[in-house]
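1. next comes the sequence, and after it the predicted model I'd like to discuss.
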Amino acid sequence: MRGFPKSSILPNPAFCNQIPCIKAIAGTKIKPCFHHLGLRLGHNLIFMKSSLQEMWMLDKDIAVKVDNISKIYRIGTREKTHDNLAQTLFDFIKNPLNNYRRYKALYKFNDAELNTMHDMEDSASNILWAVKDISFEVKKGEVIGIIGSNGAGKSTLLKILCRITDPTKGRAKIRGRISSLLEVGTGFHQELTGRENVYLNGTILGMTKSEVQRKFDEIVNFSGIKKFIDTPVKRYSSGMSVRLAFSVAAHLEPEILIIDEVLAVGDADFQKKCLNKMQDVGKQGRTVLFVSHNMAAISRLCNRVILLKNGKIVDDGDPDRVISRYLNDGQGTSAIKRWENPEDAPGKDAVRLRQIRVTNRNGEVSEFYDIREPVLVEMKYDVITDGVELMHVFYFWNEYEDCLFGSIHNDPDWRERPMPAGSYTSRVELPGNFFNSGCFYVYAAIHTLKPMTTQFYEERVVAFQIMDRLGWDTARGNYSGDIVSMLRPLLAWKTETASN
């Protein structure tokens, strides 16, 4: 059994779709039906005593404690096909019983079966460990990023913490009121208007009507859908739903805010507003758990990052280090890529690429750079055919798949000069205070001239991140808001008094 003190007294907003006719809490004349709510309350009251006992066992500085959480699913298998009518009819008669057994087997696991599967490195083909033996603690006021590839178990973990799904094994203890945004439309009753859903969510979170009213205008203004607030949610687009859902989740003063990757549905401007709001929530001392594939946002918001892989925690700690490990997974460091075997290296008959890396001025490979620091990108390559003229190109792309610019080799010592066979290194230096903050990818190419032939063109071959800083030695100065641009050069300004 899991302990969910305080917030367990009322059902999670994710269950609001099961609670019909609660329009009366928004001040309408429709008679409320609290049958489902009463069932939920009764279920939670049964466990309230033990939950409160567990709450007092928690350290007062701990907001979330996860202890050996595991969630296992049995994957459905393809049904059998039959060769003749007799077999088909016989199976049709048996189907009700078989379907019941199959359905029950999908969710029921006895202890012996669980212990056997847990000790096996490769479980049966129809078994999936969505999360396995996950344990961690989150202190009050921490902003935690949870990252990992698709299928790593991030969303499953958040659903367990939000009580949307139960763990197969283990327990989670939470101190404080939870507000979550896990999927588009989560927590909204589709037949109710946006206004009524705001009051519904506030009531489920344990707030009084007057408390919701004080926050209502702020919620609607932040969402940007004031014109449609009295329209049923079923007529909202996915973007409108996310706007209102995030506004409700962030403004109803939860102690713990849990956000999944649903912000990707919103437009770029609203995503920036959401990130700024989450930053403000963290500064107010509330706890935030944030899942995203946007590493720049994770790096900016979080003071700790958890990396999941195949349902397990593989790293937990400093954001720069954990993000670097995630980006580097399976390919050495993301800021360097080399080909030891010339036969496997990109290239054709004239040139073979051997290595590309990103370094600072001391030649040290790194994935992270202060926005004020120069970044060097270099390629090492072998010229196989003697006497060819080459054109080297680096292209720089951002995380939104925008090509920012390209740079063509212009060393005067080799301009229009044939290159003898041999090994070479070419590099370009990108000045500090040039990029905006974020993640950037390098595409590399070499072409032979006369005739023009592409020897290789490597996409996203290396990557690096620019970390933002405040200060008058940056283009940002002391302005802490968003700077919406792809690049952010520090340019020389001068102001003079206008003469008469």
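-> Received, thanks.
2. all the helices of this protein, residue numbers only.
-> Secondary structure of the chain (DSSP state H): helices located at 35-46, 48-57, 85-107, 111-119, 154-161, 194-204, 209-223, 238-251, 268-283, 295-301, 319-328.
3. average pLDDT for the last one?
-> Per-residue pLDDT values over helix 319-328 give a mean of 76.
4. count of neighbours near the nearest residue to Arg321 once chain neighbours are set aside?
-> Closest residue in space to Arg321, ignoring its immediate chain neighbours: Asp315 at 7.5 Å, by CB to CB, 6 or more residues apart in numbering. (Each C-beta comes from the backbone N, C-alpha and C, glycine too.) Summarising burial for Asp315: neighbours were counted as other CB atoms under 10 Å, giving 19.
5. give the contact list for Asp315.
-> With contact taken as CB atoms under 8 Å, 6 or more residues apart in numbering, Asp315 is in contact with Val305, Ile306, Leu307, Arg321, Val322, Arg325, Tyr326.
6. of these, which is the most crowded?
-> Using other CB under 10 Å as the neighbour test, these are led by Val305, with 25 neighbours.
7. residue contacts, that one?
-> For Val305, the contact set (CB under 8 Å, 6+ apart) comprises Ile144, Gly145, Ile146, Ile147, Ile298, Asp315, Asp316, Gly317, Asp318, Pro319, Val322, Ile323.
8. how far away is the third one from Ser366?
-> Pointing back at Ile146 there. 24 Å (CB to CB, to the nearest Å).
9. how about the last one?
-> When distance is defined by CB to CB, Ile323 is 12 Å away from Ser366.
10. cool, and the first one?
-> Separation of Ile144 from Ser366 (CB to CB) stands at 24 Å.
11. who's more crowded, the two?
-> It is Ile144, of Ile144 and Ser366, that has more neighbours when counted by other CB under 10 Å, with 25 against 19.
12. isn't the more buried one right up against Val138?
-> Yes - here Ile144 reaches Val138: they are 5.6 Å apart, a contact under CB atoms under 8 Å.
13. per-residue confidence averaged over stretch 359-374?
-> The pLDDT scores in stretch 359-374 average 91.
14. meant to ask about stretch 196-204, not that
-> 84.
15. okay, now the closest residue in space to Gln279 that isn't next to it in sequence: neighbour count?
-> Counting by CB to CB, 6+ apart, the nearest residue to Gln279 once its immediate chain neighbours are dropped is Leu301, at 5.7 Å. Residue crowding around Leu301 was assessed by other CB under 10 Å; the count is 22.
16. and Leu301, what is it in contact with?
-> Contact criterion CB under 8 Å, 6+ apart gives Val143, Gly145, Leu275, Met278, Gln279, Gly282, Val288, Phe290 as the residues in contact with Leu301.
17. do that again at 6 Å, thanks
-> The contact partners of Leu301, taken as CB atoms under 6 Å, 6 or more residues apart in numbering, are Val143, Met278, Gln279.
18. state the distance from the first one to Pro319.
-> So the one you mean is Val143. When Val143 is compared with Pro319 (using CB to CB), they lie 10 Å apart.
19. likewise the last one?
-> Taking CB to CB as the criterion, Gln279 is separated from Pro319 by 14 Å.
20. looking at those two, which has the bigger crowd around it?
-> Neighbour comparison, Gln279 and Pro319: the larger count goes to Pro319, with 21 against 16 (by other CB under 10 Å).
21. find the nearest non-adjacent residue to the more buried one, please.
-> Going by CB to CB, 6+ apart, Pro319 has Val305 as its nearest residue, at 4.6 Å.
22. coming back round to it: and which of the contacts of Val305 is nearest Lys154?
-> Of all the contacts of Val305, the one sitting nearest Lys154 is Ile146; the distance, using CB to CB, is 5.2 Å.
23. give me the number of residues near the closest one?
-> Number of residues near Ile146 (other CB under 10 Å) recorded here: 25.
24. just Pro342 next, same as before
-> Using other CB under 10 Å, Pro342 has 12 other residues around it.
25. ok, Leu376 next?
-> Other residues close to Leu376 by other CB under 10 Å number 15.
26. residue contacts, it?
-> Thr359, Arg427, Glu429.
27. need the nearest residue in space to the first one, chain neighbours excluded.
-> Which is Thr359. Closest residue in space to Thr359, ignoring its immediate chain neighbours: Leu376 at 4.9 Å, by CB to CB, 6+ apart.
28. repeat that for Asn68.
-> Once flanking residues are discounted, Asn68 sits nearest to Gly170: 4.1 Å by CB to CB, 6+ apart.
29. how much space separates the one you found from Gln190?
-> In terms of CB to CB, Gly170 sits 34 Å off from Gln190.
30. so these two - more neighbours on which side?
-> Under the criterion of other CB under 10 Å, the comparison of Gly170 against Gln190 puts Gly170 first, with 18 against 13.
31. these two touch, right, that one and Ile72?
-> No - in this structure, Gly170 is not within contact of Ile72 by CB atoms under 6 Å, at 11.2 Å.
32. got the CA coordinates for stretch 314-330 in CSV?
-> Once side chains and other backbone atoms are set aside, the C-alpha atoms of stretch 314-330 remain, and they are given as CSV (Å, rounded to 0.1, in the frame of the first residue of the first chain):
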residue,chain,number,x,y,z
VAL,A,314,21.0,4.9,-14.5
ASP,A,315,22.1,8.3,-13.2
ASP,A,316,20.9,10.9,-10.7
GLY,A,317,22.5,14.2,-9.9
ASP,A,318,24.1,17.3,-11.5
PRO,A,319,22.0,18.4,-14.6
ASP,A,320,25.1,19.0,-16.8
ARG,A,321,26.6,15.6,-16.1
VAL,A,322,23.4,13.6,-16.4
ILE,A,323,22.3,15.4,-19.6
SER,A,324,25.7,14.8,-21.0
ARG,A,325,25.4,11.1,-20.3
TYR,A,326,22.0,11.0,-21.9
LEU,A,327,23.2,12.7,-25.1
ASN,A,328,26.4,10.6,-25.1
ASP,A,329,24.6,7.2,-24.7
GLY,A,330,25.8,4.7,-27.2
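33. show me how far it is from its chain's centre.
-> Put simply, stretch 314-330 sits 14 Å off its chain's centre (CA atoms, centre = their mean, to the nearest Å).
34. how is this protein divided into domains?
-> The chain breaks down into these structural domains: 7-73+130-328, 336-467 (assignment by automatic domain parsing).
35. got these as JSON lines, with distance to Tyr479 columns?
-> Listed next are the domains of the chain as JSON lines, based on distance: least, CB to CB, whole Å:
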{"stretch": "domain 7-73+130-328", "distance to Tyr479": "13"}
{"stretch": "domain 336-467", "distance to Tyr479": "13"}
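36. which of those domains is buried the deepest?
-> When the domains of the chain are scored by mean count of other CB atoms under 10 Å, the highest mean neighbour count falls to domain 7-73+130-328 (a mean of 19).
37. and the closest residue to His392 other than its chain neighbours, how far from Asn341?
-> Setting aside the residues directly before and after it, His392 is nearest to His409 in space (CB to CB, 6+ apart), at 3.6 Å. Plainly put, His409 is 26 Å away from Asn341 if you go by CB to CB.
38. related to what we said a few turns ago, could you dump the contacts of Leu376 into a markdown table with distance to Arg460 added?
-> Formatted as a markdown table, the entries for those read as follows, by distance: CB to CB, whole Å:
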| residue | distance to Arg460 |
| --- | --- |
| Thr359 | 18 |
| Arg427 | 19 |
| Glu429 | 21 |
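39. from those residues, which is closest to Val393?
-> Val393 lies nearest to Arg427 out of those, by CB to CB, at 13.3 Å.
40. wait, the closest one touches Val375, no?
-> No - in this structure Arg427 lies outside contact range of Val375 using CB under 6 Å: 10.6 Å.
41. next one: Val138 from Asn276, what distance?
-> The value you get for Val138 to Asn276, if CB to CB is used, is 22 Å.
42. kindly apply the preceding question to Ser334 instead.
-> Here the criterion is CB to CB. By it, Ser334 lies 27 Å from Asn276.
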